[in-house]
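Undergrad: need a 3D model of the sequence below.
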Amino acid sequence: MPAIKYWDGAQWTDIKGIYYWNGSSWVQAKAGYYWDGSQWVPFWQIYEVIWHCDTSSKRVYELSVEDFSVVRYASSPTSDPNGIGGDANTIWHCEDSYDSIRELSVVDFSQIRIESSPDSIPSGIGGTINVIWHCDENGKIYELSTTDFSVVRSVDSPAGINANPNGIGGDEDVIWFTDDYNNDIYELSVADLSVVRSADSPDTYPRGTGGDKDTIWHCQDAGIELYELSTIDFSVVRSADSPGVVPSGMGGK
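TA: Purely as a prediction, here's the structure:
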(Lines give C-alpha, C1' and ligand atoms only; values in the text may rest on other atoms or scores of the structure.)
Protein backbone atom coordinates (compact mmCIF):
# COMPACT_ATOMS: atom_id res chain seq x y z
CA MET A 1 0.00 0.00 0.00
CA PRO A 2 1.35 3.53 -0.72
CA ALA A 3 2.52 5.45 2.32
CA ILE A 4 3.46 8.98 3.35
CA LYS A 5 6.89 9.28 4.99
CA TYR A 6 8.92 12.13 6.49
CA TRP A 7 12.68 12.65 6.84
CA ASP A 8 13.65 12.46 10.54
CA GLY A 9 17.22 13.64 9.95
CA ALA A 10 18.63 10.19 9.35
CA GLN A 11 16.05 8.17 7.46
CA TRP A 12 12.59 8.16 5.92
CA THR A 13 10.05 7.24 8.61
CA ASP A 14 6.35 6.35 8.44
CA ILE A 15 3.99 9.10 9.58
CA LYS A 16 2.08 7.97 12.66
CA GLY A 17 -0.77 10.42 12.22
CA ILE A 18 -1.99 13.61 10.55
CA TYR A 19 -4.11 16.21 12.34
CA TYR A 20 -6.46 18.90 11.07
CA TRP A 21 -8.00 21.94 12.78
CA ASN A 22 -11.80 21.56 13.10
CA GLY A 23 -12.35 25.13 14.26
CA SER A 24 -11.74 24.56 17.95
CA SER A 25 -9.20 21.74 18.34
CA TRP A 26 -6.76 19.52 16.48
CA VAL A 27 -8.38 16.25 15.41
CA GLN A 28 -6.54 13.21 14.10
CA ALA A 29 -7.56 12.27 10.56
CA LYS A 30 -8.65 8.65 10.35
CA ALA A 31 -7.38 8.14 6.81
CA GLY A 32 -5.61 10.01 4.02
CA TYR A 33 -6.60 9.57 0.40
CA TYR A 34 -5.09 10.35 -3.01
CA TRP A 35 -6.78 10.33 -6.42
CA ASP A 36 -5.27 7.58 -8.61
CA GLY A 37 -7.03 8.78 -11.76
CA SER A 38 -10.26 6.87 -11.20
CA GLN A 39 -10.97 6.68 -7.45
CA TRP A 40 -9.83 7.76 -3.98
CA VAL A 41 -7.22 5.37 -2.53
CA PRO A 42 -5.95 5.46 1.08
CA PHE A 43 -2.32 6.35 1.81
CA TRP A 44 -2.76 4.69 5.18
CA GLN A 45 -5.45 3.39 7.47
CA ILE A 46 -5.06 4.26 11.13
CA TYR A 47 -7.85 2.10 12.45
CA GLU A 48 -10.94 0.20 11.47
CA VAL A 49 -14.42 1.22 12.50
CA ILE A 50 -17.99 -0.08 12.84
CA TRP A 51 -20.95 2.26 12.30
CA HIS A 52 -24.24 1.14 13.86
CA CYS A 53 -27.76 2.52 14.36
CA ASP A 54 -30.78 1.52 16.43
CA THR A 55 -34.40 2.54 15.83
CA SER A 56 -35.41 2.17 19.49
CA SER A 57 -32.66 4.31 21.01
CA LYS A 58 -32.77 6.62 17.95
CA ARG A 59 -28.98 6.72 18.04
CA VAL A 60 -26.04 6.25 15.72
CA TYR A 61 -22.92 4.65 17.17
CA GLU A 62 -19.28 4.00 16.60
CA LEU A 63 -18.51 0.50 17.89
CA SER A 64 -15.15 -1.12 18.59
CA VAL A 65 -14.06 -3.70 16.03
CA GLU A 66 -12.42 -5.59 18.89
CA ASP A 67 -15.48 -6.38 21.01
CA PHE A 68 -18.48 -4.40 19.63
CA SER A 69 -18.40 -2.11 22.69
CA VAL A 70 -19.65 1.48 22.28
CA VAL A 71 -16.86 3.95 21.47
CA ARG A 72 -19.26 6.91 21.19
CA TYR A 73 -22.78 7.72 20.08
CA ALA A 74 -25.11 10.58 19.19
CA SER A 75 -28.78 11.08 18.49
CA SER A 76 -29.84 10.15 14.98
CA PRO A 77 -30.78 13.10 12.76
CA THR A 78 -34.36 11.76 12.74
CA SER A 79 -36.54 9.39 14.71
CA ASP A 80 -36.24 6.26 12.55
CA PRO A 81 -32.65 5.37 11.60
CA ASN A 82 -32.82 2.37 9.28
CA GLY A 83 -29.39 1.89 7.75
CA ILE A 84 -25.78 2.96 8.15
CA GLY A 85 -22.40 2.16 6.64
CA GLY A 86 -19.28 3.66 5.15
CA ASP A 87 -15.61 3.58 6.07
CA ALA A 88 -13.18 5.34 8.40
CA ASN A 89 -13.63 8.65 6.60
CA THR A 90 -17.28 8.44 5.50
CA ILE A 91 -20.70 7.66 6.98
CA TRP A 92 -23.71 6.95 4.76
CA HIS A 93 -27.05 6.86 6.61
CA CYS A 94 -30.73 6.37 5.69
CA GLU A 95 -34.05 6.51 7.49
CA ASP A 96 -37.67 6.15 6.45
CA SER A 97 -39.44 8.85 8.46
CA TYR A 98 -38.49 11.40 5.81
CA ASP A 99 -37.46 8.93 3.08
CA SER A 100 -33.98 10.40 3.02
CA ILE A 101 -30.33 9.51 2.52
CA ARG A 102 -27.66 11.42 4.39
CA GLU A 103 -23.94 11.80 4.75
CA LEU A 104 -22.91 12.20 8.40
CA SER A 105 -19.70 13.59 9.86
CA VAL A 106 -17.25 11.00 11.22
CA VAL A 107 -16.21 13.60 13.80
CA ASP A 108 -19.53 14.18 15.59
CA PHE A 109 -22.27 12.41 13.53
CA SER A 110 -23.71 15.76 12.45
CA GLN A 111 -25.43 15.96 9.08
CA ILE A 112 -23.25 17.04 6.15
CA ARG A 113 -25.87 16.70 3.41
CA ILE A 114 -29.26 15.14 2.70
CA GLU A 115 -31.17 14.05 -0.41
CA SER A 116 -34.42 12.19 -1.04
CA SER A 117 -34.27 8.42 -1.33
CA PRO A 118 -34.90 6.98 -4.82
CA ASP A 119 -37.89 5.14 -3.30
CA SER A 120 -40.24 5.59 -0.37
CA ILE A 121 -38.86 3.22 2.28
CA PRO A 122 -35.04 3.25 2.44
CA SER A 123 -33.87 0.32 4.56
CA GLY A 124 -30.15 -0.20 4.09
CA ILE A 125 -27.03 1.64 2.98
CA GLY A 126 -23.28 1.13 2.96
CA GLY A 127 -20.14 1.42 0.89
CA THR A 128 -16.99 3.53 0.98
CA ILE A 129 -15.80 6.99 0.03
CA ASN A 130 -15.95 5.77 -3.60
CA VAL A 131 -19.25 3.87 -3.79
CA ILE A 132 -22.72 3.70 -2.18
CA TRP A 133 -24.83 0.52 -2.06
CA HIS A 134 -28.48 1.02 -1.07
CA CYS A 135 -31.72 -0.97 -0.75
CA ASP A 136 -35.36 -0.21 0.05
CA GLU A 137 -38.30 -2.18 1.37
CA ASN A 138 -40.05 -2.06 -1.99
CA GLY A 139 -37.59 -4.69 -3.21
CA LYS A 140 -34.92 -2.66 -5.01
CA ILE A 141 -31.12 -2.68 -4.79
CA TYR A 142 -29.16 0.35 -5.99
CA GLU A 143 -25.77 1.78 -6.63
CA LEU A 144 -25.94 5.51 -5.86
CA SER A 145 -23.65 8.36 -6.81
CA THR A 146 -21.42 9.59 -3.98
CA THR A 147 -21.71 13.08 -5.46
CA ASP A 148 -25.47 13.63 -5.33
CA PHE A 149 -27.06 10.27 -4.29
CA SER A 150 -28.62 9.86 -7.73
CA VAL A 151 -29.24 6.33 -9.06
CA VAL A 152 -26.33 4.89 -11.03
CA ARG A 153 -28.10 1.54 -11.57
CA SER A 154 -30.66 -0.69 -9.89
CA VAL A 155 -32.05 -4.25 -9.89
CA ASP A 156 -34.84 -6.15 -8.18
CA SER A 157 -34.00 -7.95 -4.95
CA PRO A 158 -33.18 -11.65 -5.43
CA ALA A 159 -36.17 -12.55 -3.21
CA GLY A 160 -38.52 -11.31 -5.95
CA ILE A 161 -41.97 -9.86 -5.34
CA ASN A 162 -41.95 -10.96 -1.69
CA ALA A 163 -38.65 -9.20 -1.04
CA ASN A 164 -38.03 -7.18 2.09
CA PRO A 165 -34.45 -5.93 1.79
CA ASN A 166 -33.15 -4.75 5.14
CA GLY A 167 -29.40 -4.35 4.93
CA ILE A 168 -26.61 -3.77 2.43
CA GLY A 169 -22.96 -2.78 2.49
CA GLY A 170 -19.50 -3.67 1.28
CA ASP A 171 -16.83 -1.94 -0.75
CA GLU A 172 -15.58 -1.65 -4.33
CA ASP A 173 -14.91 -5.41 -4.48
CA VAL A 174 -17.91 -7.02 -2.79
CA ILE A 175 -21.55 -6.40 -1.76
CA TRP A 176 -23.13 -7.98 1.34
CA PHE A 177 -26.94 -7.98 1.41
CA THR A 178 -29.78 -9.28 3.61
CA ASP A 179 -33.49 -9.83 3.11
CA ASP A 180 -35.71 -10.75 6.06
CA TYR A 181 -38.46 -12.33 3.92
CA ASN A 182 -36.35 -15.47 3.55
CA ASN A 183 -33.85 -14.71 6.37
CA ASP A 184 -30.95 -14.96 3.93
CA ILE A 185 -27.58 -13.27 3.61
CA TYR A 186 -26.15 -12.80 0.12
CA GLU A 187 -22.96 -11.89 -1.65
CA LEU A 188 -23.84 -9.82 -4.71
CA SER A 189 -21.66 -9.06 -7.71
CA VAL A 190 -20.36 -5.51 -8.00
CA ALA A 191 -20.41 -5.97 -11.78
CA ASP A 192 -24.18 -6.42 -12.20
CA LEU A 193 -25.68 -6.78 -8.65
CA SER A 194 -26.51 -10.44 -9.35
CA VAL A 195 -26.35 -13.15 -6.67
CA VAL A 196 -22.93 -14.76 -6.22
CA ARG A 197 -24.04 -16.97 -3.28
CA SER A 198 -26.35 -17.01 -0.29
CA ALA A 199 -26.87 -18.71 3.07
CA ASP A 200 -29.23 -18.62 6.03
CA SER A 201 -28.89 -15.73 8.45
CA PRO A 202 -27.72 -16.76 11.98
CA ASP A 203 -31.16 -15.77 13.30
CA THR A 204 -34.54 -14.50 12.16
CA TYR A 205 -35.19 -10.88 11.13
CA PRO A 206 -31.74 -9.98 9.79
CA ARG A 207 -31.28 -6.23 9.56
CA GLY A 208 -28.06 -4.32 8.90
CA THR A 209 -25.13 -5.77 6.96
CA GLY A 210 -21.84 -4.28 5.84
CA GLY A 211 -18.08 -4.54 5.93
CA ASP A 212 -15.54 -5.13 3.18
CA LYS A 213 -14.01 -8.02 1.22
CA ASP A 214 -12.36 -9.34 4.41
CA THR A 215 -15.12 -8.82 6.99
CA ILE A 216 -18.90 -8.98 7.36
CA TRP A 217 -20.66 -6.98 10.10
CA HIS A 218 -24.27 -8.00 10.67
CA CYS A 219 -27.13 -7.31 13.10
CA GLN A 220 -30.63 -8.65 13.61
CA ASP A 221 -33.46 -7.61 15.88
CA ALA A 222 -34.93 -10.98 16.95
CA GLY A 223 -32.22 -11.75 19.49
CA ILE A 224 -30.83 -8.19 19.58
CA GLU A 225 -27.43 -9.44 18.46
CA LEU A 226 -24.41 -8.03 16.65
CA TYR A 227 -22.24 -10.41 14.63
CA GLU A 228 -19.04 -10.78 12.73
CA LEU A 229 -19.66 -13.38 10.03
CA SER A 230 -17.22 -15.43 7.98
CA THR A 231 -16.75 -14.22 4.41
CA ILE A 232 -16.21 -17.86 3.42
CA ASP A 233 -19.53 -19.41 4.50
CA PHE A 234 -21.42 -16.70 6.47
CA SER A 235 -20.96 -18.65 9.73
CA VAL A 236 -20.75 -16.75 13.03
CA VAL A 237 -17.20 -15.72 13.96
CA ARG A 238 -18.32 -13.91 17.12
CA SER A 239 -21.34 -12.10 18.53
CA ALA A 240 -22.33 -9.65 21.25
CA ASP A 241 -25.43 -7.93 22.58
CA SER A 242 -26.49 -4.76 20.82
CA PRO A 243 -26.32 -1.49 22.78
CA GLY A 244 -30.00 -0.94 21.89
CA VAL A 245 -33.06 -3.13 21.54
CA VAL A 246 -33.88 -2.70 17.82
CA PRO A 247 -30.55 -2.80 15.94
CA SER A 248 -31.26 -1.66 12.39
CA GLY A 249 -27.99 -0.87 10.62
CA MET A 250 -24.36 -1.95 10.74
CA GLY A 251 -21.36 -1.35 8.47
CA GLY A 252 -17.92 0.13 8.13
CA LYS A 253 -14.33 -1.09 8.25
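
Undergrad: contacts only, for Leu188.
TA: Going by CB atoms under 8 Å, 6 or more residues apart in numbering, Leu188 touches Ile141, Pro158, Gly170, Ile175, Trp176, Phe177, Ser194, Val195, Val196. To be clear about C-beta, it is placed using only N, CA and C from the backbone, and glycine gets the same treatment.

Undergrad: check these and tell me the two furthest apart.
TA: Within those, Pro158 and Gly170 form the most distant pair, 15.2 Å apart (CB to CB).

Undergrad: neighbour count winner among these two?
TA: Neighbour comparison, Pro158 and Gly170: the larger count goes to Gly170, with 26 against 19 (by other CB atoms under 10 Å).

Undergrad: ok so, going back, nearest to Asp96, of the contacts of Leu188?
TA: Nearest to Asp96 among the contacts of Leu188 is Ile141, at 16.3 Å by CB to CB.

Undergrad: can you get me a residue count around the closest residue in space to Glu137 that isn't next to it in sequence?
TA: In space, and not counting its chain neighbours, Glu137 is closest to Ile121: 3.9 Å by CB to CB, 6 or more residues apart in numbering. Close neighbours of Ile121, defined as other CB under 10 Å, add up to 17.

Undergrad: now Asp80
TA: By other CB under 10 Å, the burial measure for Asp80, its neighbour count, is 14.

Undergrad: next one: Thr128
TA: 27.

Undergrad: my guess is it meets Ile91, correct?
TA: No. With contact defined as CB atoms under 8 Å, Thr128 does not count as touching Ile91 (11.0 Å).

Undergrad: just to revisit the earlier point, export the contacts of Leu188 to a markdown table and append columns for pLDDT, distance to His134 and secondary structure.
TA: As requested, those are arranged in a markdown table below (pLDDT from 0 to 100; distance: CB to CB, whole Å; DSSP: H, G, I helix; E, B strand; the rest coil):
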| residue | pLDDT | distance to His134 | secondary structure |
| --- | --- | --- | --- |
| Ile141 | 94 | 7 | strand |
| Pro158 | 89 | 16 | coil |
| Gly170 | 96 | 11 | strand |
| Ile175 | 98 | 11 | strand |
| Trp176 | 97 | 13 | strand |
| Phe177 | 96 | 11 | strand |
| Ser194 | 96 | 17 | coil |
| Val195 | 96 | 17 | strand |
| Val196 | 97 | 19 | strand |
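
Undergrad: now, which of the residues you listed sits nearest Val70?
TA: Checking the contacts of Leu188 one by one against Val70 (CB to CB), the nearest turns out to be Trp176, at 22.7 Å.

Undergrad: who touches the closest one in this structure?
TA: 126, 167-170, 185-188, 209-211, 216, 218.

Undergrad: nearest to Ala10, of those residues?
TA: Using CB to CB, the contacts of Trp176 come closest to Ala10 at Gly211, 40.4 Å.

Undergrad: ok, for the closest one, nearest residue in space, not its chain neighbours?
TA: Distance criterion CB to CB, 6+ apart; nearest residue to Gly211, sequence neighbours excluded, is Trp217 at 4.8 Å.
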